[in-house]
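Participant: Generate a structure from the sequence data that follows.
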Amino acid sequence: MESGQANRFSAAAAALGYVAQLEYALLFALKRLTDTDNFRISLETADDIVFDSNGTATELWQTKHHVTQHSSLGNASVDLWKTIHNWIKADDDQLLCFLYTTSTAQSGSAAALLRANRGTDDILAARDILDDVAINAQNRSLSLYFKKYLSLNEDQRLTFLSRITIIDGGISSASLTESLVASVRLLARPNRLVPLVERIRGWWYSRITTHLKLVATGTSDWIELIRTGFYGGSIL
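Facilitator: Residues are numbered from 1 along each chain as shown. A predicted model of the protein is given here:
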């Protein structure tokens, strides 16, 4: 089989996306430890990544990693609508929802209007755009997602969208080590930062393996992170 034909059936991009999800979770956790004393995190439960505070889930995170840097987060994007559908199914109007993606949202698109620096008018405009797509789009493969979105009334859709933050143009897998090193730059001398990151990674993948085994068997498990230093059993 020629290499071009083999690539058509390769799961490499999907596997890379899943590895990126694990490293995104670590990166988000390390960044959060700079200003949060303690929290819990889980993977592959209510969402790709879930943050918990004081025993209550507070944030749902979807991560979308694309090998192609030119991918776009358009108004009819599968990534966007599948994520919206999953969050509505979560059926919790208290949770904040974040989509972290390597794709880029075009100016004026619904996703761009839902970035972190948006205002009320932006959220209203995003709702109007998504309403139009859900009502008029001809993409039958997304019809289930559109139907779920439209099952909310106008006020509910506005409230729902106000809880969403889109973080586009995210870090690719090729840059994750650099970003992890930057996140711990205050914890060690410059020449010790990479070894520190590799030590943290070693702990992280060991803990994640245990965590995912428990989740896969239906056992509740959270990874607790506490800001006071790093040791072999947890981040303390």
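
Participant: and the longest helix for the protein?
Facilitator: helix 193-216 (DSSP state H).

Participant: Test my guess that residue 168 contacts residue 73.
Facilitator: Yes: Residue 168 is in contact with residue 73 according to C-beta atoms under 8 Å; the separation is 5.6 Å. For glycine as for every other residue, the C-beta is placed from the backbone atoms N, C-alpha and C.

Participant: anything in contact with each of those two?
Facilitator: Here residue 168 and residue 73 have 101, 103, 104, 105, 111 as joint contacts, going by C-beta atoms under 8 Å, 6 or more residues apart in numbering.

Participant: Would you reformat the residues you listed as a markdown table and include distance to residue 194, neighbour count and secondary structure?
Facilitator: Below are those laid out as a markdown table (distance: C-beta to C-beta, whole Å; neighbours: other C-beta atoms under 10 Å; DSSP: H, G, I helix; E, B strand; the rest coil):
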| residue | distance to residue 194 | neighbour count | secondary structure |
| --- | --- | --- | --- |
| 101 | 27 | 23 | strand |
| 103 | 29 | 23 | coil |
| 104 | 29 | 18 | strand |
| 105 | 33 | 24 | coil |
| 111 | 34 | 26 | helix |
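
Participant: Format those residues as CSV; extra columns: pLDDT.
Facilitator: Output for the shared contacts of residue 168 and residue 73, formatted as CSV (pLDDT from 0 to 100):
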residue, pLDDT
101, 96
103, 94
104, 93
105, 95
111, 98
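
Participant: For the lengthiest strand in the chain, enumerate the helices and strands it packs against.
Facilitator: Looking across the chain with DSSP state E, the single longest strand is strand 56-64. The contact analysis (3 or more C-beta pairs under 8 Å, 6 or more residues apart in numbering; DSSP states H and E) places strand 56-64 against helix 12-32, strand 49-53, helix 78-90, strand 96-101.

Participant: mind checking which of the ones you listed is nearest residue 218?
Facilitator: Among the helices and strands packed on strand 56-64, the nearest to residue 218 by C-beta to C-beta is strand 49-53 (15.9 Å).

Participant: in that closest one, what counts as buried?
Facilitator: 49, 50, 51, 52 (16 or more other C-beta atoms under 10 Å).

Participant: wait, doesn't the third one sit right on residue 36?
Facilitator: The one in question is residue 51. No: applying C-beta under 8 Å as the test, residue 51 and residue 36 come out as separate, 9.5 Å apart.

Participant: picking up where we left off before, tell me the helices and strands packed up against the longest helix of the chain.
Facilitator: helix 12-32, strand 38-43, helix 176-183, strand 223-226.

Participant: Check the spacing between residue 65 and residue 33 real quick.
Facilitator: 23 Å (C-beta to C-beta, to the nearest Å).

Participant: scratch that, residue 150
Facilitator: Taking C-beta to C-beta, one finds residue 150 at 40 Å from residue 33.

Participant: Those two: who's more crowded?
Facilitator: More neighbours surround residue 33 than the other of residue 150 and residue 33, with 20 against 13 (other C-beta atoms under 10 Å).

Participant: Could you find the closest non-adjacent residue to residue 16?
Facilitator: residue 173 (5.6 Å; C-beta to C-beta, 6 or more residues apart in numbering).

Participant: give the contact list for the one you found.
Facilitator: 16, 19, 20, 23, 65.

Participant: Give me the distance between residue 137 and residue 68.
Facilitator: With C-beta to C-beta as the criterion, residue 137 and residue 68 are 23 Å apart.
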